[in-house]
Each structure stands twice: as structure tokens, then as C-alpha cells.
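Colleague: Task: produce atomic coordinates for the following.
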Amino acid sequence: MTKCRKLFTAVMGLLLSLALIWQMNMAVWADEDDSLDQLCGGVASVLNPGNGNSVEIVNATAKELNLELQLEELEEEKEIKLVMANVTTALNVRSDADEAAEKVGKLYKDCGGTILEQRDGWTKLQSGNIIGWASDEYLLFGEEAQALANSVGKMIATIDTETLRVRMEPNTEAGVWGLLPQGEIVEVLGLDADGWVCIDFEGNNGYVSTEYVVMDFHIDSGETMEEIKARQAAEEEAKRHKNYGEYTTDADTKLLLAALIQCEAGSESYEGQVAVGAVVMNRVRSAAYPDSIHGVIYASGQFTPAMTGKLNSVYESGRIYDSCIRAAEEALAGVSNVGDLTHFRRNNGREGLVIGNHVFY
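Modeller: Numbers count the residues shown, from 1 in each chain. You can find the predicted model right below:
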């Protein structure tokens, strides 16, 4: 805001100075040309009240200044309201600003939310369906929160038309990778010229028109206590009906993992497919994530195919690539070509281990 106010003051000061100069030289100009018709545009357009261009130019300047002010205000508001968890595992969110207050949910590592109120070293926040208080000791604010959010968040696009073609290039004459149904959520890789957005389509760069998508920046949310109980109950139910046992011997677990590998890295090399499976298993072994494959894959906001229902479709169809099944078997057997890394995303310049089109970190 300070920058914009200084800009506004400088511009208005310049205009005032020029106006004074114009008034001082009025007599000289009047002797040469009373109409000033020959001076179209430039300084004369701004200074001469009789010139129709003056209003347009002044209005345009005001609009630009106002737009810049609005953008900076929005950016400041966004930074002020953003809060991120600063923990290695999970942070309790409570019904009041008191350690003894009832727990209403949990905020996990890399999860964020919106600040609602602050008092006495506590912050009332909203993250997903959670609304409650968390200690400032375990939170990040301002530039630190923004930096973490930019690091772990991702831009997503929701399809806003019945069926949308995904093009191979950003034009309507390009070939088609496939179709996306209304409501499908995809990861945005970048914005292209002329109203196109580049998305991740089964491991390929695809292009869709911005006219038919709704874009949003996604940061993982926490879970309410009710959501945690429901998830844990679903996991136990799945274990009873699908006989989850040792990871190396359970066929249903293997196929679920293979289906996720196909959704995330079906068009990648075999090395890239094993890497995705290894990330899942690293999370299972980590105290920061659920201790089952099902829990890791379906954890809130973690894997886009699980969020959109695409994973379920691939799993239920049974049409899973042999290479993805082999990659799942290796990952289940403990093979990891990414060490103990627990994250990956499309390679966008982020530092990390690059395998194919993904960077692991």
C-alpha cells in the first residue's frame, strides 16, 4: 500500500507541476495557436480541459492506480489471513484458546488455513471443516506462511463444463489426449497465452481453455475429530473385508497402490513408477502420516486422483498396467529409488530428485 500511495502522490505532483507550467505559458501558446488543436495527445491532452482525450487519459491513469492498489490490498489481505502449521506430525486444534479445551480437530504437517481471530498467543483458524483455536507456538504467519504455502501447495483446476477435450497443444486444431468430465479436478502446471491453461493429464502436458475451468490454489486442510473417526472406521472396515495383512502378500493393497501409480505415473518410465510407489510406502513408515496404505492414499488433500474419484475408477476397472503392478510389488517389498522422500510433484524447477517429469523431495 505504501508503494502505491507514493506512486499516486508522485503522479499527482507531476500533473500539478505541469498544470502550473501550462498556466504560466498560456499567453505565449495563445499567441502561436489559440486552439491547441495541433497538440493532440501527450501532456497537452492531460492539461487542456477542452480536449476530449484528457478525461480518458486521466480516467485510465486513475484506473491503473486503483487496480494496482486493489491488487496490493488483496495480496496483503491474503498474506495477513494465511496461517500454516509448523509441526513435524500434527497440531491439536481446540474449541477455545486454552490447552485444556476440547479438541475439535488436527492440523497436519504442511496444512494451512485462514486466520479468523487472534488473542493471547492463540489463533482461531479455519482449515477445511475445522474451526477452532491453535497455539501460535506451532504456527507460521506472514511471509513464512506464504513461503511454505507456495512450496507445498498447488494450483488446481475444476472442469466447469459437461465434457472437456484436453488438447496436445494450446489451440483448437491440436490433437486430443482425452476427455475430462464436469467436476474433475486436475493439477495446473502453468498458464499459456490466449486463454489456455496447461494441466497434468495422465503424466502428459495437456491444454484446456480457461473459459471452461475454475482455478484455485490448493493447500492441504486438517481434519475434524469426526472426520478422523470416520476415516479410521473406514480403514478398519476395509481391513476386515479385504483382509489387509503384510504389505508383501495382500493382493487388494497391491492393486490399490498399482492403480495410484498408474494415475500418477502411468506414462512415466518404470523407474518413475517405482518412485511413486516408494513415496507412498515412505509415508506409511513415517510417523507424520497414517500407518496404512489405504490411509495414506485417501488422506485429505494428498493425492489428486484419490480426491477426484479417478483412482477408484481405475482400481475398480481392473485395467491396470503390468508395469505399475510390478512397481507396486517392488515398493511393497521395500525397494526405494528415492531414499526416504515423501513428496513429489510435476517438475517445475523445484529442487529435489528429478525422475522423468516428476521431482521428488
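
Colleague: Could you work out the end-to-end span of stretch 128-139 for me?
Modeller: 16 Å (Cα to Cα, to the nearest Å).

Colleague: With stretch 297-311 instead?
Modeller: By Cα to Cα, one end of stretch 297-311 lies 10 Å from the other end.

Colleague: Pull the contacting residues for the closest residue to residue 137 other than its chain neighbours.
Modeller: The shortest distance from residue 137 to any non-neighbouring residue, by Cβ to Cβ, 6 or more residues apart in numbering, is to residue 121 (7.3 Å). C-beta coordinates here come from the backbone N, C-alpha and C atoms, glycine included. Counting by Cβ atoms under 8 Å, 6 or more residues apart in numbering, residue 121 touches 97, 135, 136, 137.

Colleague: can you check residue 273 too?
Modeller: 261, 265, 266, 323, 324, 327.

Colleague: and if you look at residue 90?
Modeller: 106, 107, 108, 109, 288.

Colleague: Low-confidence bits of the stretch 51-200 of the chain, can you list those?
Modeller: 51-80, 193 (pLDDT under 70).

Colleague: thinking in terms of the whole chain, how far from its middle is the helix or strand hosting residue 295?
Modeller: Using DSSP states H and E, residue 295 sits in helix 293-297. From the chain centre to the centre of helix 293-297 is a distance of 22 Å (Cα atoms, centre = their mean, to the nearest Å).

Colleague: Which elements pack onto that helix?
Modeller: Applying 3 or more Cβ pairs under 8 Å, 6 or more residues apart in numbering; DSSP states H and E, we find helix 293-297 packed against helix 225-242, helix 251-265, helix 270-285.

Colleague: Give me the mean pLDDT for the helix or strand just after it.
Modeller: As assigned by DSSP H and E, the chain's next helix or strand after helix 293-297 is helix 304-308. Helix 304-308 shows a mean pLDDT of 84.

Colleague: Out of the contacts of residue 90, which sit inside strands?
Modeller: 106, 107, 108 (DSSP state E).

Colleague: Those residues into CSV, with extra columns for neighbour count and distance to residue 270?
Modeller: Compiled in CSV, those are given as follows (neighbours: other Cβ atoms under 10 Å; distance: Cβ to Cβ, whole Å):
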residue, neighbour count, distance to residue 270
106, 22, 37
107, 29, 37
108, 23, 31
